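# Fold the following and give me the result.
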Amino acid sequence: MTELVDDLPPRELAELRLRAEQLVRDGEDRPLLELVRELRTDEQWWVHLWAPAVAVAARRLGAPNAIALLEEAVAAGLSQPELFEGELEKLFGADAAWPSLRERMRANVPQPLVELTDWPEPGPALPVELYTIAPDRLAPLLARLPRPSPSAWETARRMLAWVHAQWDHANDHVEDPDALNVLERVEAGARFACAEYSIVLSQALNAVRIPSRRVDLRQADHHVGVGRGHVVSEAWIDDLDRWVLLDGQNGSYWVDAGGHPLGVRELQRSAEVPAFVGAGDVEPLTNAQAAGWFSYFASASTTGYTWSEGSFAPVFQEQRTIRTPRLLRDGDLAYPRLSAITTGIGGRGTNPTVRFTHAHPYGTGIRLGPDLLHDGEWPLDLTPGVHELTATIVTPYGETAPQRFSYVSRSSGR
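Predicted coordinates:
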């Protein structure tokens, strides 16, 4: 028999426990009964272990106080007869008091002192890899960008319109995926394609601390032909609590019938062509144009991941390999909710604590109710009653969608 305790007992108590455990294991009933006075001093183990153990020993020796010892244990809260692997039932099952004792032991199971009823948890997902500019290039890139607004979504829309307006589309490319390089060459008269819009937009969004990735879209039968691919950006928008696809070349984003911006996974599941909405003063596309761009959602890769529910052709347009660090079956694994919070438990004994962590790349802390938690453990308020709180991640654009955390505290373990 083993028991986990928060603190090691005093040496004398530890030695008493070891001696008594050995006697129980060896079936040394009489020496065990001789230890009853000392065993009663073990307040933690007497009721649940030693009292029923000495009752068993007394019954095997035919002592008249056997049932009284068991009654004492039950009255004090014994609730684990299974620790004795059927020995109590075998020795006391024929007693008239046994049915009542058995029911009382079942009723002795206490309610927990603290019981969590709901808590934040992240769900299945893989780590996010962002599409960022090199750290030493960040400051000069920021100096070129529009100032962010307090809203992540408004900032993303403004950035989308700004990037779209930097140059007119042409089928040229840069070898170095660096937003500053693209912008400097545009100033010198160069014009680029969808990939370069995605480079600038993705790195610009990350520069203003909006998590963003590059997305390669492909039509069906992408292994053959030309013009089968399109490159866009996607961003996690704290205001919307979702990933949103942003098309820098077209200066547009997709929305559902209710006007809610859509991400790659929703677009891949859509049976009908959604609306393709221009950001800022960008002219909206016609229905025919939107339908043409919608055809590119047959296959997709985002920074770090490619997925295919069925078979997958790894060669694009008979020319190049679709390189990816991870090929998945389930694309949803590449789209974690960045507002998700992980709950951990700590503390000692009857003073539990919780520790909340998150995977938001630009989160600066977690707010639990009125408290801002930067690090460390949060002790639970054990005032009796129901405690209802919300946890949010603090970001440069405010706080993410609230996650529920609730628990019940009781004045005692009964």
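# could you give the mean pLDDT of the host helix or strand of residue 105?
Secondary structure from DSSP states H and E places residue 105 in helix 98-107. For helix 98-107, mean pLDDT rounds to 95.
# Show me what that helix packs onto, helices and strands only.
On a contact count with 3 or more CB pairs under 8 Å, 6 or more residues apart in numbering; DSSP states H and E, helix 98-107 meets helix 66-76, helix 87-92. For the C-beta atoms, the positions are set from N, CA and C on the backbone; glycine is no exception.
# and that helix with helix 66-76, angle?
Helix 98-107 and helix 66-76 are oriented at 30 degrees to each other (axes from the mean of the first three to the mean of the last three CA atoms, to 10 degrees).
# what comes up buried for the strand ranked longest in the chain?
Counting residues, the longest strand found in the chain (DSSP state E) is strand 385-395. Of all the residues in strand 385-395, those buried under the rule 16 or more other CB atoms under 10 Å are 387, 389, 391, 392, 393, 394, 395.
# Neighbours of residue 192, how many?
Neighbourhood size, residue 192 [other CB atoms under 10 Å]: 22.
# pretty sure it contacts residue 170?
Yes - applying CB atoms under 8 Å, one finds residue 192 in contact with residue 170, separated by 6.4 Å.
# right, and the helix or strand after the helix holding residue 105?
Toward the C-terminal end, the helix or strand that comes next after helix 98-107 (DSSP H and E) is strand 114-118.
# What's the mean pLDDT across that following strand?
The predicted model gives strand 114-118 an average pLDDT of 89.
# What's the local residue count around the residue nearest to residue 350 when sequence neighbours are not counted?
Leaving aside its chain neighbours, residue 350 sits nearest to residue 113 (5.5 Å; criterion: CB to CB, 6 or more residues apart in numbering). Residues near residue 113, counting by other CB under 10 Å, number 19.
# again with residue 213
Residue 213: 27 neighbours (other CB under 10 Å).
# my guess is it contacts residue 198, does it?
No - in terms of CB under 8 Å, residue 213 does not count as a neighbour of residue 198; the distance is 9.3 Å.
# Are there residues contacting both of the two? Which ones?
Counting by CB atoms under 8 Å, 6 or more residues apart in numbering, the contacts common to residue 213 and residue 198 are 131, 233.
# Following the chain past the biggest helix by length in the chain, name the next helix or strand.
Scanning the chain for the longest helix, with DSSP state H as the assignment, gives helix 11-26. Using DSSP H and E, the helix or strand that follows helix 11-26 in sequence is helix 29-33.
# Remind me what that next one packs against, helices and strands.
With contacts taken as 3+ CB pairs under 8 Å, 6+ apart, helix 29-33 sits against helix 11-26, helix 51-60.
# Report the buried residues of that helix.
Within helix 29-33, the residues that count as buried by 16+ other CB under 10 Å are 29, 32, 33.
# For the last one, which residues are in contact?
Okay, so that is residue 33. Contact partners of residue 33, counting by CB under 8 Å, 6+ apart, are 54, 57, 58, 61, 63.
# Could you report the neighbour count for the first one?
Okay, so that is residue 54. Residue 54 has 29 neighbours, counted by other CB under 10 Å.
# what sits against it?
With CB under 8 Å, 6+ apart, residue 54 has these contacts: 32, 33, 36, 39, 69.
# Quickly name whichever of those residues is closest to residue 217.
Of all those, the one sitting nearest residue 217 is residue 39; the distance, using CB to CB, is 72.8 Å.
# average pLDDT across stretch 242-254?
Across stretch 242-254, pLDDT averages out at 98.
# gap between the two ends of it?
Length of stretch 242-254, first residue to last, CA to CA, to the nearest Å: 13 Å.
# One more: stretch 102-119?
End-to-end distance of stretch 102-119 (CA to CA): 35 Å.
# Counting neighbours, which bits of it end up buried?
So, applying 16+ other CB under 10 Å, buried residues of stretch 102-119: 102, 104, 105, 108, 113, 114, 116, 119.
# The fifth one touches residue 384, doesn't it?
No - the pair formed by residue 113 and residue 384 falls short of the contact definition of CB under 8 Å, at 9.8 Å.
# Would you list the phi and psi of the closest residue to residue 390 other than its chain neighbours?
Excluding the flanking residues, the one nearest residue 390 by CB to CB, 6+ apart is residue 402, at 3.8 Å. For residue 402, the backbone dihedrals (degrees, to the nearest 10) come out as phi -70, psi 140.
# Please determine how far residue 402 is located from residue 97.
54 Å (CB to CB, to the nearest Å).
# So between those two, which is more surrounded?
Each of residue 402 and residue 97 has its neighbours counted (other CB under 10 Å); residue 402 has more, 16 against 13.
# Tell me how this protein divides into domains.
Here the domain parsing of the chain from automatic domain parsing is 11-109, 115-124+338-409, 135-334.
# Return the most buried member of the ones you listed.
Using mean count of other CB atoms under 10 Å, the stretch among the domains of the chain with the largest mean neighbour count is domain 135-334, at a mean of 18.
# Would you pull up how far it lies from the middle of the chain?
On the basis of CA atoms, centre = their mean, to the nearest Å, domain 135-334 sits 26 Å off its chain's mean C-alpha point.
# Can you give me the end-to-end span of it?
One end of domain 135-334 sits 24 Å from the other (CA to CA).
# and if you look at stretch 206-222?
With CA to CA as the measure, the first residue of stretch 206-222 is 30 Å from its last.
# Look up phi and psi at residue 109.
phi -60, psi 120.
# That one and residue 103, how far apart?
Using CB to CB, one gets 12 Å for the distance from residue 109 to residue 103.
# Could you find the residue nearest the spatial middle of this protein?
Geometric centre of the chain, nearest residue: residue 122, 1.8 Å, by CA atoms, centre = their mean.
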